[in-house]
Every structure is written in structure tokens, then in C-alpha cells.
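Chemist: starting from these lines, generate the structure:
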Amino acid sequence: MRDPATPELPDLQTCEQARLSRDARFDGLFFTAVTSTGIYCRPVCPAPPPRRDNIRYYANAAAAEAAGFRPCLRCRPELAPHGDVLRHGDSHIAQALRLIDAGVLEQHSLAELARQLALSDRQLRRLFVARLGATPMQVHATRRLLFAKQLLGATALPITQIALASGFRSLRRFNAAFQSAYRLAPRTLRKHPDASARAGEPLRLRLGYRPPYDFAALLDFLRARALPGLEQVDAVSYARAIGSAERPAWLQVSASGDGAHALHLALHGVAPADLQAVVTRVRRMFDLDADPHAIAAVLTRDAQLRPLLRRHPGLRLPGAWDGFELAVRAVLGQQISVAAARTLALRLLHAHGPRVVFADAPMLTHLFPGAARVADIDPATLGVTRMRAATLHALACAVRDGALDFASAHSLDAWQARCTALPGIGTWTAQYIALRALSHPDAFPANDLVLRRAAANGAHALSAKALGARAESWRPWRAYAVIHLWRHATRSGTST
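Modeler: Here you go, the predicted structure:
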């Protein structure tokens, strides 16, 4: 049966077909709870399908757990991609979910989360229960425990460090929460009990996605813009330096060689307390929680986009590791080619980025300079025009002082207003940053010349106004249409 508390489900027939066929396209979009066992599963669970009258469907893991069900030990719901639909857009639910994913409730109360959304905590709880079947704190608790469960099953980290990585301030609280939710002690899920034998090895995690996923196309995009010393992109992986000069680390994201719908993440030197934030950033950067089926259902209505989606059905938004870094590179790239912008960014990196040394990654030598560091640079020494140098300085000061941030809870209109208030930043730059740094699915740089030419399909470039009008039918996935058109233009010989 379909539970009335979770209305954001696919229709019942779709859930049934997906469950019985183990359709990976619906992984993470709903969960199947079995009343006879008290267990909830992913739709791809390899166990024999239960009887239909023992089934209840939930739109998310938190709702299933709030109803008293425990995660399956076989299909491991912690490995499922996140539900995508409600995290998109500018609704209060979408903004709240993105803030929870960013760890806001690790340090702040529910009242503070509600305040950031201009709601009362009572209003926010009511919205969550009505739309998700769980309160914000239940969503937060499920998020922490499922991440802990993933670390217990996939790594050799000591349980004390797993508790810290999952946001628990004491081992006692972690053990109590885990036992209460799952009726198991954390140690019973320990796959690698001899942690000391694996000391010094990278931490490896599998990050699931819903197929199709065009990882090669995303690597192509990142490779064209990669800064040697900070990043390295080859045919099958992306690596970069992260962290700080005091605690440098690095990561590598690579294709899965086992046929699973997942990427592999290797983390070198990342502190346990930073693990969940790093994984969240990687998931956003590689757009792992997108729902290609929902995106295609809208964009294929357009006759020009339809063949592009058939050609590249798994194209994703190429995100950015750091919002300030992406914003700097966007300013440097205003009205010049990708190659020229890359050259300018490389000069900034090598002149002002902190140097790092990794014995196991000698190709990574620098971190990108942060806002405080860029704000202290004499603009005249940046090697760009006076106007562009002034823009970079204003941008760095605004980020350093907290007047501008890259929180994913910004609405698109609010973000553009804040961004364009800075000198030298117009709508193209604001929308490009929103597309890549905020991963906003409806970001749309309508005045981009390459985009206007590509959308004209061989005719004279459309005006920004004409393109904007045509793109209304692409909402709320205009950013994905942009990526498809940019890729088409690149393949046709026009760079973006």
C-alpha cells in the first residue's frame, strides 16, 4: 500500500513495476518497507520480492525510519542516491534539505534553520511532515546514521572516528542512537575489524547514482578547465588538492570498473570530522543525485533538445569544488575563451596559492587561494585589466566579510541580486556561478553568445530575450539544457 504521509512518491503502479523489475532508475526515489519483517529496502534489492500486501512505500529513508522500519543489510539503503526532486528549486523544503545536507543542524538548532528560511520552527516541521513524512530532525538523524552505516561497512576507521565523522560528539551518544534506530550495535556491522592493519591507506567509498550517467562527458568538461598543480583529469578520473595549508588532503573520483551504478571516491588525509562534508561536496560536484528520467521528461518536449538527450542521456551538471574558486575563475573568464581564462587562473594559482606536498600525488602542488588571501593581494599585481582586478578584489572582500556566500539554500533570484550588486558582475557571471557553484538546476545564462548560437540551430544567434522566452518550457531544468547545448556547440567546433 502507499502511505498517505509520503505524497512525493511515484504513482503506485510505477513503484510496483520498479520494485519487481529492480529498476535502477528509481533507486533512492522511493523505498520499499516490508511490514512482516520491519525492514525497508531500495527498489533494486536483490532479495526475493515480498508479497504486495506486506509492502508500504516511502519517498525517503527518513520517513521509513520514522515509521519504525530498519534499513536492509543486503541492499544497504545508505548507498542509494539521494532523492532529487524536492532538493531542486527554491521552495522552503528544497532550501531546508540542502542546508541539512550541508550540515547546518550539526552546529545549529532547528530554530536557527527555520530562521534562515524566514519560517518558524513549527511551520518548518509541519511542511516536512506533510511533504516528507518526517520532521527535519528525523531527516538529519537518518542522514547521520546512514552515513555511519556506510563507513562501518566500507572502511577500517575506528568506531570512535566514525561517530565523529557522523556528527556525534561522543561515542556513547552514537552507540545509543544506533542501537535505538537499528536494534544493532555498530560493531556488528564492522566489515574491517583490524583497523590498524590498514592505517595510512586511503579511505575508499562508493557513491551511487541513478543511471544513465555520462561520466566521460563530465570529465571532458572538467579537463578543458583543469588547473595543473591543483587538479588532474585523465580519461577515467578526477583528482584535486583540498583542505588547508595546515591540513592538506587530496581526493580522487574515478569510474566504477565493476558495472555498479556508482563512482569510486578515494580520500587521502581527510580528517574524520570533515568526511561527511567532503562526501556531500563530491556528490554535488559530480551531480550524483540527479534524476535523468525526470529531466528528460521535460527537455525532450523540445524538438531541438530531443536528439541531444538521446545522444547523451546521462549528461550532468559539472559542479565546482569551491564556490569562491569558481567565482574567481568565472570573473577571469568574462568575454574571453576557456583557454585564456585557464591561463589567467593558473597564474593566480601559482603566484598566490599555498604550496602543498603529497608523497603519493606529486602532481598536486597547490591549493587555490582563499578569499582572505585574494583580498590582501594588490589588485595591480594580478595581471588583468584594472576593472577586472577591481571586481576580483570586491568579490574576495565580500566573501571574506560574509556579505556573499555560496550556500546552496539561496533562491536563484536572491543569488543574482546579491552577486550583481558587486562591481563588474553581470547576469551572465551570476548565472554561470549559480549553475556550477550552487548546482542550481534552473540557472540560465541567457545572454551567453555560444548558447544563443547553439539554440538557433544554424540560424542567426537568438537574442537573450528570445532565448529566455523559449526556455520557459525547459523549467525547472534549464541548466541541463544549457549543458546539452554547450556540449553540442563544442562538438560542432564552437568553444564555450
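
Chemist: excluding chain neighbours, what is closest to Pro186?
Modeler: What sits nearest to Pro186 in space, not counting adjacent residues and going by CB to CB, 6 or more residues apart in numbering, is Phe178, at 5.0 Å. For every residue, glycine as well, the C-beta is placed using N, CA and C.

Chemist: for that neighbour, give its distance to Thr160.
Modeler: To Thr160, Phe178 is 13 Å away according to CB to CB, to the nearest Å.

Chemist: of these two, who's got more company?
Modeler: Neighbour totals were compared for Phe178 and Thr160, and Phe178 leads with 26 against 13 (other CB atoms under 10 Å).

Chemist: domains in the protein, as residue ranges please.
Modeler: Following automatic domain parsing, the chain resolves into domains at 12-83, 86-195, 273-352+367-496.

Chemist: ok, which of the ones you listed comes nearest Tyr209?
Modeler: Closest approach to Tyr209 among the domains of the chain (CB to CB): domain 273-352+367-496, 4.4 Å.

Chemist: now the closest one, how far from the centre of its chain.
Modeler: In terms of CA atoms, centre = their mean, to the nearest Å, the centre of domain 273-352+367-496 is set 15 Å apart from its chain centre.

Chemist: would you list every one of the strands in the stretch 201-350 of the chain?
Modeler: Ranges of strands within the stretch 201-350 of the chain are 203-208, 231-233, 237-243, 248-255, 262-268, based on DSSP state E, counting those that start in this stretch.

Chemist: so how many other residues sit close to Arg306?
Modeler: Neighbour count for Arg306, taken as other CB under 10 Å: 13.

Chemist: doesn't Thr300 make contact with it?
Modeler: Yes: using CB atoms under 8 Å, Arg306 makes contact with Thr300 at a distance of 4.7 Å.

Chemist: next, the distance between the ends of stretch 314-321.
Modeler: 21 Å (CA to CA, to the nearest Å).

Chemist: got the contact list for that stretch?
Modeler: 211-215, 217-218, 221-222, 240, 242, 281, 284-288, 290, 292, 309, 326, 435-437, 439, 441, 479-480, 483-484, 487 (CB atoms under 8 Å, 6 or more residues apart in numbering).

Chemist: what's around Asp188, how many residues?
Modeler: Check again: residue 188 is Thr, not Asp. Neighbour count for Thr188, taken as other CB under 10 Å: 11.

Chemist: how about stretch 125-141, which residues are buried there?
Modeler: By 16 or more other CB atoms under 10 Å, the buried positions in stretch 125-141 come out as 125, 127-129, 131-141.

Chemist: just the residues you listed now: which is nearest Pro43?
Modeler: Gly133 (17.3 Å).

Chemist: isn't that closest one up against Ala59?
Modeler: Yes: using CB under 8 Å as the test, Gly133 is close enough to Ala59 to be in contact (6.8 Å).

Chemist: so, low pLDDT: which residues of this protein?
Modeler: Residue ranges of the chain with pLDDT under 70: 1-8, 84-90, 191-200, 408-409, 492-496.

Chemist: again, 50 this time
Modeler: Residues of the chain meeting the criterion pLDDT under 50: 1-7, 194-197, 494-496.

Chemist: what element comes up after the helix ranked longest in it heading to the C-terminus?
Modeler: Counting residues, the longest helix found in the chain (DSSP state H) is helix 136-154. Counting by DSSP states H and E, the next helix or strand C-terminal to helix 136-154 is helix 159-165.

Chemist: name the helices or strands packed onto that next one?
Modeler: helix 136-154, helix 171-182 (3 or more CB pairs under 8 Å, 6 or more residues apart in numbering; DSSP states H and E).

Chemist: could you redo those helices as JSON lines and give each row distance to His393?
Modeler: JSON lines is the format used below for these (distance: least, CB to CB, whole Å):
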{"stretch": "helix 136-154", "distance to His393": "38"}
{"stretch": "helix 171-182", "distance to His393": "45"}
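
Chemist: single out the most deeply packed of the ones you listed.
Modeler: helix 136-154 (a mean of 22; mean count of other CB atoms under 10 Å).

Chemist: next, the angle helix 171-182 makes with that one.
Modeler: Angle between the axes of helix 136-154 and helix 171-182 is 100 degrees (criterion: axes from the mean of the first three to the mean of the last three CA atoms, to 10 degrees).

Chemist: next, the angle strand 203-208 makes with helix 136-154.
Modeler: Here the directions of helix 136-154 and strand 203-208 differ by 120 degrees (the same axes, to 10 degrees).

Chemist: hey, C-alpha coordinates of helix 136-154 in PDB?
Modeler: The C-alpha trace of helix 136-154 is given here as PDB (Å, rounded to 0.1, in the frame of the first residue of the first chain):
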ATOM      1  CA  PRO A 136      13.700  18.000   9.900                       C
ATOM      2  CA  MET A 137      15.400  16.400  12.900                       C
ATOM      3  CA  GLN A 138      14.400  12.900  11.800                       C
ATOM      4  CA  VAL A 139      15.800  13.600   8.300                       C
ATOM      5  CA  HIS A 140      19.000  14.900  10.000                       C
ATOM      6  CA  ALA A 141      19.200  11.800  12.300                       C
ATOM      7  CA  THR A 142      18.700   9.400   9.400                       C
ATOM      8  CA  ARG A 143      21.300  11.200   7.300                       C
ATOM      9  CA  ARG A 144      23.900  10.800  10.100                       C
ATOM     10  CA  LEU A 145      23.200   7.200  10.900                       C
ATOM     11  CA  LEU A 146      23.100   6.000   7.300                       C
ATOM     12  CA  PHE A 147      26.500   7.700   6.700                       C
ATOM     13  CA  ALA A 148      27.800   6.000   9.800                       C
ATOM     14  CA  LYS A 149      26.500   2.700   8.500                       C
ATOM     15  CA  GLN A 150      28.300   3.300   5.200                       C
ATOM     16  CA  LEU A 151      31.600   3.900   6.900                       C
ATOM     17  CA  LEU A 152      31.100   0.800   9.100                       C
ATOM     18  CA  GLY A 153      30.600  -1.400   6.100                       C
ATOM     19  CA  ALA A 154      33.200   0.200   3.800                       C
END
